[in-house]
Structures are given as structure tokens and as C-alpha cells.
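Chemist: Need a 3D model of the sequence below.
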Amino acid sequence: MKNLVPKDLKTTELLEEINGQAKEIILELDFDEGEISVYNQIPTNSTPGRIWNGLAVQRSLPLCVDASQLYDFVESDIIPIAEKIKQIFAVIYDGGMNRRGHYGDDENDLFYELEKAIEGCPQHNGGLYDIRDWATITKKELITYTDEQLKNIIENEACADDVVLYGPDTLDYVQEIRAEESEKC
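Modeler: Take a look at the predicted model:
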């Protein structure tokens, strides 16, 4: 199985939001093509044809997966199991033109082994936060720093804590707090 996970991902690179919700982080094992990839996607109620037909499988990864370690994790923990699954995998035709994946007798044991491996994927301690809930700006900071400096402080702290912020732009948030404080005076 070929590992298509980029080697140079940043820790929180796969952590993204849409409409205030995190996108799912997906590990896909395509047994028909012999490839393993990782990506994020908007949660949907539909199933791609390759998954529906069993040619590939998808597994959700924890939102706090450390993307910077995923390549090595796939190499050491996922590929050995995927290779075993690939050995029992066959493509069959369902009587028409549809190609379907078929797995042998050890399917349940091997997919259970895959699930257990995924539980041990590398994780970080950060997360996805609305900037309005995560960042705090004190009155002293408003007096001491410019808007641009406060923006840089917030973004650097978020990066150091493996936090991905969403909501208003950081500079807009700083200016909003500054305006609220000036109205109080």
C-alpha cells in the first residue's frame, strides 16, 4: 500500500471549521488502488461510490490528530494492517457493470485490528476554538499594545497551544474588544 499522506503537514493543518463545526478528518484506505490518504471533509450523509462498493474504506480520525506525525504513523501502524487486508481483498462484479470489493474470512479481525491502531494515532492537546471564547484581552494589554501587536500575540499563543481559531478575523476581534472598552469609559 502506498502512503500518500504528505510528510510536511503541520500539527493542526487538518483541523478546519465550517459554519462553526469542525470538518471530519478522514483516513482513507483504497484497496483497489493500493493507496492510503488523509484529508478533511464537510460531514455529509452521502457515501462516495468507491466506499459504498467496498473498493475503499474510510475511518474518522480524532479532531486532535497531530497531522505532523501522520505520515510516520501510517507507515508504522496502518500499512502493516492494510497489507494484510489487501491480501484478502478481491474485486468482483455484481452481475452488472459494478465493481465491488470483497474481503475474505479474516475481514472482521483485520478491521478490528485497524480500529485499534487508529485509536493510538498521535494527538495534540490543542483544538478548534471560536476566537471569542478562547482569546482574552485585558485592559492593560489594550493600553500597552497596538491592534497589530495584540493580533500577533493572540495568533502566536494559539499556534504555541496547537489551537486553530475561527470566527471573526483576529484583527477584527481585537478592534471589537477595543471599541467595547472605549464605550465603557
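
Chemist: Return the residues in contact with the most centrally placed residue in the chain.
Modeler: Nearest to the mean C-alpha position of the chain, by Cα atoms, centre = their mean, lies residue 25 at 3.4 Å. Residues near residue 25 by Cβ atoms under 8 Å, 6 or more residues apart in numbering: 14, 15, 38, 39, 40, 60, 61, 62, 63, 65. Bear in mind the C-beta positions are built from the backbone N, C-alpha and C, glycine included.

Chemist: repeat that with 10 Å
Modeler: If you count contacts by Cβ atoms under 10 Å, 6 or more residues apart in numbering, residue 25 has them with 14-16, 38-41, 59-65, 67, 70, 121.

Chemist: the strands in the protein, which residues?
Modeler: For the chain, the strands defined by DSSP state E occupy 2-3, 17-18, 21-22, 24-30, 35-41, 56-61, 89-93, 99-103, 127-130, 163-166.

Chemist: Check what contacts the first one and list those residues.
Modeler: What that stands for is strand 2-3. The contact list for strand 2-3 (Cβ under 10 Å, 6+ apart) reads 30, 33-38, 70-75, 78-79, 82.

Chemist: of all those residues, which comes closest to residue 115?
Modeler: Using Cβ to Cβ, residue 78 comes nearest to residue 115 of the contacts of strand 2-3, at 11.2 Å.

Chemist: tally of neighbours for that closest one?
Modeler: Per other Cβ atoms under 10 Å, the neighbour tally for residue 78 reads 23.

Chemist: What separation is there between it and residue 94?
Modeler: Using Cβ to Cβ, to the nearest Å, residue 78 is found at 28 Å from residue 94.
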